[in-house]
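Q: Quick one: sequence plus predicted model below, questions after.
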There are 2 protein chains.
Amino acid sequence: MTLTGNMLIGQHAIAGCREAIRAINPATNNALEPAYHGGTGEQVEQACALAWSAFDSYRETSLAARAEFLEAIANEIEKLGDELIDRAVAETGLPHPRILAERGRTCQQLRTFARTVRSGEWLDVRVDTPQPQRQPLPRADLRQRQIPLGPVAVFGASNFPLAFSVAGGDTASALAAGCPVIVKAHSAHPGTSELVGGALARAVRHCGLPEGVFSLLFGSGREVGIALVNDSRIKAVGFTGSQSGGIALCKAAQSRREPIPVYAEMSSINPVYLFPAALQSRCETMAQGFVTSLTQGAGQFCTNPGLVIAIQGPDLARFISIASDLLQRSPAQTMLTPGIFNAFESSVATLTGHAQLAATGLAAEGPNQCQAHLFTTQARDFLTDHRLQTEVFGAASLVVQCASADEMREVTEHLEGQLTATLHLDDNDIGHAQALMPALERKAGRLLVNGWPTGVEVCDAMVHGGPFPATSDSRSTSVGTAAILRFLRPVCYQDFPDSLLPSPLRHDNPLALRRLLDGQREA
Amino acid sequence: MTLTGNMLIGQHAIAGCREAIRAINPATNNALEPAYHGGTGEQVEQACALAWSAFDSYRETSLAARAEFLEAIANEIEKLGDELIDRAVAETGLPHPRILAERGRTCQQLRTFARTVRSGEWLDVRVDTPQPQRQPLPRADLRQRQIPLGPVAVFGASNFPLAFSVAGGDTASALAAGCPVIVKAHSAHPGTSELVGGALARAVRHCGLPEGVFSLLFGSGREVGIALVNDSRIKAVGFTGSQSGGIALCKAAQSRREPIPVYAEMSSINPVYLFPAALQSRCETMAQGFVTSLTQGAGQFCTNPGLVIAIQGPDLARFISIASDLLQRSPAQTMLTPGIFNAFESSVATLTGHAQLAATGLAAEGPNQCQAHLFTTQARDFLTDHRLQTEVFGAASLVVQCASADEMREVTEHLEGQLTATLHLDDNDIGHAQALMPALERKAGRLLVNGWPTGVEVCDAMVHGGPFPATSDSRSTSVGTAAILRFLRPVCYQDFPDSLLPSPLRHDNPLALRRLLDGQREA
């Protein structure tokens, strides 16, 4: 397949006519062909009109048909073969094995949502049967199901060109819920986006779905994105990216005549707690795990361990010393884009003025390479200098040295909302950790023991979310099967004849769902 | 018990020192003692500090203890006896039997949430067991539960002084979720609020809960309300009232450093569709049912049938004529407050200039009495004059006469979001109704067949919600047990030792919950 530089408005490949985007190979700073011209307001409007016209039909596809569609997308992505892998490597600077693994994750994610769709649990069917004899008033027959919100605008992330992009978690969960999707492609990997968009559009066609179920738009500035969010036919937004970008979308969505939900996954520094007994007993292992997690993928993960919190003393000093030694031997790694590299350099320069530099990794040997940084500070300084809580996107972390367990708690209460918090502990630390648990639960979406926050499993129990500013909506997760719940709303049907009821609510329960029937869950 | 005019900040009865509120008996226009002075910013801050300090402890109460607390509130409300009923009648002008029934509903609602809390289904426990041998990477042990958002600010409604007020649905569902509640009392029924607030505070004490679990504040303007919403310790808002009030709270909540969810139930005109066969076969019964629903409680319901949609012709003319006859014999009824009465008069005057007056009810014989109004208009006019969609709070309705089934669909697509939509149909209308279903599902939270929208059952399947501007968040319901879901967020625990896990997630499943275990729902 030859890349064309076209957008996809339904089944139509159409060129934009705004400013051109070209991907940059960050390892060489060379621009990659073809050029992707941004969409116009009219093209955004065409995509929205198509999505709207597809909505009523797509949302009533059977569970089986919708699951097969998700599986067809995965199959079509796999069929792209090496062309997809090579292009994604060229556009992101990420290593070949990482992109291969990410493709696996992306396809598994689509298949997991297919399984979730088939189960029908997300329909949350509730039935209260009539009580015609009840005094003083009879009770009607009441039945509830979940229906999709409507067309969803998805803004992919730069750091996962497959798993959080065109056919990533937001798209998969919105399609699973029954929402048509319009993706605004990330400008850092337009070729990867075109390839995956083509696979998605082919799955739409093969499954005989209305073409408006999926469109893919390009745009260099915020014009296309804001036009999408402002369109009255868009009913929800999924976003993974910077805090400023996420907040701008939230403001736009709230300023509409009809405000809509925005699920923005934005920023997190992912505190890692090293408790005293663990620090004493396995300082070296922890330092190794820490540096591996910190430097993996040049630190370009939402769950990168950007903050270490521990009580000062010889054990912590040893941890810092071992981690520094390891870091000094870590090679610099190519970052995703020149823009991300420049932002990293500038964030690190700011931190250097506010914290003590403990170690740096090996120097860069090519363009846009991230040199890892480890800083230390005192809890007192951390508590008074808000800049020390700013996310540095890349391999940089800050060790906060606390004078006491009380100060550790104070630092914890001072933290902003996080995607994750990690506890390294031994049996003797349990009491200590218990005292922090209430605060940690209030602060983060996922809590880990004796692991590292990078690595986000796609499963039922995952939460990739958390209080603001980690996300714009702590009630949700953007990874895992519960992500489907973001795009649904309940509708109640009162005294409906069977012939008018949607199938999940019919009296003979044709989908064999475990309904909440008169207050009892069916077996 | 003697009313004191005091607020409740936890267990402390404290007088405000801002402008005084006195309830007005709308049947006489007489002011009722005592005066309720509004709270200060400092008092708001005290209530928030108490709620915050109570949160971590209250949210970990056992399911049994929390359910008993909700039941204790119901018991304490019942113990208030006639004093509560008499005061509520005096403050609202609502008839004695209605207030008696509403007390029953309020207590039943609290007991229903107790049952819901005990079931534990709302914890949505998901467990993915570890796969240490998985290639290329092992899977961790992952467990998810829902935890409460934090202290909730509740703004009660004027039209349900018990069921949607101090101990109403928002308070009951937030307390059920594990959130402390601060109620800003509605200024129309401060005495009723003081009585119920006292009952709630006694239940807190008897159950040995931290006092910050509940506070009750008064305030005449928006000062107390906005200060509450702006306090960083408040994590969600429940509101029932006007569109302007709800939107103001949403804006305040979105302007915070940490935006928070607002569940505002605002305005709805609740379209009622009369399909041709039904209109022909039982025009008179429908007209009777319509006028009863329209005039009940002076039309002061969120679900009042403010819009009738049908195809013009002799059957519809007969419906209008019979309904007009009935309406002309309907006595005027006292409205809740002089302010609500004035707003009704002014809305009716506006409608009179834009639609045709078909009939009015009997004239008022006392102050603040609502004279019922029935208007008619043509679909063409309805489609072009947005004022005809404005909610009139009170017994007024508008019949929209459509030229065809197509025009009926056009009118439907033109509607704003609604709490309800009602279909009156016979077997021969099913096809006609089916064609409207997709639009109706997109427009409303609850769809009814051959009933009337007034009367909102508190049960599992109820949806009292709907797209904007019916509510600020279509993903939720403010009535029924699913209302608890508004105040929760998921947290994931990865590789936790049993000793650190919260009880719903422990390996031996001590709460005997039906978990989603490795993708399968437990039996």
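A: Okay, I see it. Residues are numbered from 1 along each chain as shown, chains lettered A, B, ... in the order given.
Q: Mind telling me which residue of the stretch 201-350 of chain A is nearest chain B?
A: Residue of the stretch 201-350 of chain A nearest chain B, by C-beta to the nearest C-beta: residue A:258 (4.4 Å). Using the backbone N, CA and C atoms, a C-beta is placed for each residue, glycine as well.
Q: Could I get the contacting residues of that residue?
A: If you count contacts by C-beta atoms under 8 Å, 6 or more residues apart in numbering or on different chains, residue A:258 has them with A:232, B:417, B:467-469.
Q: now it, what's its secondary structure?
A: Secondary structure state of residue A:258, per DSSP: H, G, I helix; E, B strand; the rest coil, is coil.
Q: where's it relative to residue B:486, distance?
A: 19 Å (C-beta to C-beta, to the nearest Å).
Q: do the same with residue A:366
A: For residue A:366, the distance to residue B:486 - C-beta to C-beta - is 51 Å.
Q: neighbour-wise, which of those two wins?
A: Counted by other C-beta atoms under 10 Å in any protein chain shown, residue A:366 and residue B:486 do not tie: residue B:486 has more neighbours, with 24 against 13.
Q: Could you tell me the end-to-end distance of stretch A:360-379?
A: End-to-end distance for stretch A:360-379: 22 Å, by C-alpha to C-alpha, to the nearest Å.
Q: low-confidence ranges in chain A?
A: Residue ranges of chain A with pLDDT under 70: A:1.
Q: Could I get the full set of helices for the stretch 401-523 of chain A?
A: Secondary structure of the stretch 401-523 of chain A, counting by DSSP state H, counting those that start in this stretch: helices at A:405-414, A:430-443.
Q: I'd like to know which elements the first one is packed against.
A: Right, helix A:405-414. strand A:307-311, helix A:379-384, strand A:396-402, helix A:430-443 (3 or more C-beta pairs under 8 Å, 6 or more residues apart in numbering or on different chains; DSSP states H and E).
Q: Next, format those as a markdown table and append mean neighbour count.
A: Below are the helices and strands packed on helix A:405-414 laid out as a markdown table (neighbours: other C-beta atoms under 10 Å in any protein chain shown):
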| stretch | mean neighbour count |
| --- | --- |
| strand A:307-311 | 24 |
| helix A:379-384 | 17 |
| strand A:396-402 | 25 |
| helix A:430-443 | 18 |
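Q: Nearest approach to chain B belongs to which of these?
A: Closest approach to chain B among the helices and strands packed on helix A:405-414 (C-beta to the nearest C-beta): helix A:430-443, 4.0 Å.
Q: what is the orientation angle of the closest one with helix A:405-414?
A: 10 degrees (axes from the mean of the first three to the mean of the last three C-alpha atoms, to 10 degrees).
Q: As CSV, could you dump the C-alpha coordinates of helix A:430-443?
A: Presented in CSV, the C-alpha positions along helix A:430-443 are these (Å, rounded to 0.1, in the frame of the first residue of the first chain):
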residue,chain,number,x,y,z
ILE,A,430,2.6,-2.8,56.4
GLY,A,431,1.5,-0.6,59.3
HIS,A,432,3.3,2.3,57.8
ALA,A,433,1.7,1.7,54.4
GLN,A,434,-1.8,1.3,56.0
ALA,A,435,-1.5,4.8,57.4
LEU,A,436,-1.0,6.2,54.0
MET,A,437,-3.7,4.2,52.2
PRO,A,438,-6.6,6.6,52.7
ALA,A,439,-4.6,9.4,51.2
LEU,A,440,-3.3,7.3,48.4
GLU,A,441,-6.8,6.1,47.4
ARG,A,442,-8.0,9.7,47.3
LYS,A,443,-5.0,10.7,45.1
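Q: what helices or strands is that helix leaning on?
A: Counting contacts by 3+ C-beta pairs under 8 Å, 6+ apart, helix A:430-443 is packed against helix A:405-414, strand A:418-424, strand A:444-449.
Q: Is any residue of the shortest one near chain B?
A: Yes: judged by C-beta under 8 Å from any C-beta of the partner chain, strand A:444-449 comes into contact with chain B at A:444-449.
Q: Within its sheet, name the partner strands of that strand and how each one runs.
A: With DSSP bridges as the test, strand A:444-449 is paired with strand A:418-424 (parallel), strand B:488-494 (parallel).
Q: Which residue ranges of the stretch 151-300 of chain A form strands?
A: Taking DSSP state E, counting those that start in this stretch as the criterion, the stretch 151-300 of chain A carries its strands at A:152-155, A:181-184, A:214-217, A:236-240, A:262-265, A:271-274.
Q: now the helices: where do they sit in the stretch 51-200 of chain A?
A: Counting by DSSP H, counting those that start in this stretch, the helices of the stretch 51-200 of chain A are A:63-79, A:81-92, A:96-119, A:169-177, A:190-206.
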